[in-house]
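A.B. asks: what follows is a predicted structure for the sequence shown.
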Amino acid sequence: MKIKIEKPAESKVDEMGIRKWPIWTCEPSTFDWHYDQTETCYILEGDVGDVQIGPGDLVTFPKGLDCVWQVKKAVRKHYNFS
């Protein structure tokens with residue numbers, strides 16, 4: 001299972017209604033996580049782990065993925081489960 005990371009154009013952010021999605025925040029920490037559903041998120045602030053996820057990234061975590069979140073710099077993101 002692969003994490004998909006893209007840098008969407010502003011028009012795609014608007015088209016997807018991302019700014020209407022809920023916001024999740026997390027202070028620097030490390031924790032295990034399992035995805036029961038596919039999550040799409042848009043990173044507003046922060047730095048996450050070895051996969052180099054940061055501001056402006058649109059990230060899709062597939063259903064069934066097990067991973068370790070390594071939050072290096074406090075994260076603030078919009079998120080949506082499907």
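C.D. replies: Yep, it's here. Numbering: from 1, shown residues only.
A.B. asks: for the protein, which strand is longest?
C.D. replies: Using DSSP state E, we find that the single longest strand of the chain is strand 66-81.
A.B. asks: put the alpha carbons of that one into PDB.
C.D. replies: Coordinates of each C-alpha in strand 66-81 appear next as PDB, following Å, rounded to 0.1, in the frame of the first residue of the first chain:
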ATOM      1  CA  ASP A  66      -0.500   0.600   9.100                       C
ATOM      2  CA  CYS A  67       2.100   3.300   9.700                       C
ATOM      3  CA  VAL A  68       4.100   5.200  12.200                       C
ATOM      4  CA  TRP A  69       3.400   9.000  12.300                       C
ATOM      5  CA  GLN A  70       6.600  10.900  13.200                       C
ATOM      6  CA  VAL A  71       5.400  14.500  13.700                       C
ATOM      7  CA  LYS A  72       8.600  16.600  13.700                       C
ATOM      8  CA  LYS A  73       6.900  20.000  13.700                       C
ATOM      9  CA  ALA A  74       3.300  20.600  14.900                       C
ATOM     10  CA  VAL A  75       0.800  19.600  12.200                       C
ATOM     11  CA  ARG A  76      -2.400  21.300  11.200                       C
ATOM     12  CA  LYS A  77      -4.400  19.700   8.400                       C
ATOM     13  CA  HIS A  78      -7.800  19.500   6.700                       C
ATOM     14  CA  TYR A  79      -8.900  15.900   6.500                       C
ATOM     15  CA  ASN A  80     -11.700  13.800   4.900                       C
ATOM     16  CA  PHE A  81     -12.400  10.100   5.200                       C
END
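A.B. asks: can you spell out which helices and strands pack onto that strand?
C.D. replies: Here strand 66-81 touches strand 23-26, strand 29-34, strand 39-48, going by 3 or more Cβ pairs under 8 Å, 6 or more residues apart in numbering; DSSP states H and E. Quick note: C-beta positions are derived from backbone N, CA and C, even for glycine.
A.B. asks: buried residues in the first one, which are they?
C.D. replies: Buried residues in strand 23-26, counting neighbours by 16 or more other Cβ atoms under 10 Å, are absent.
A.B. asks: who does it touch, helix- and strand-wise?
C.D. replies: For strand 23-26, the elements it packs on are strand 39-48, strand 66-81, judged by 3+ Cβ pairs under 8 Å, 6+ apart.
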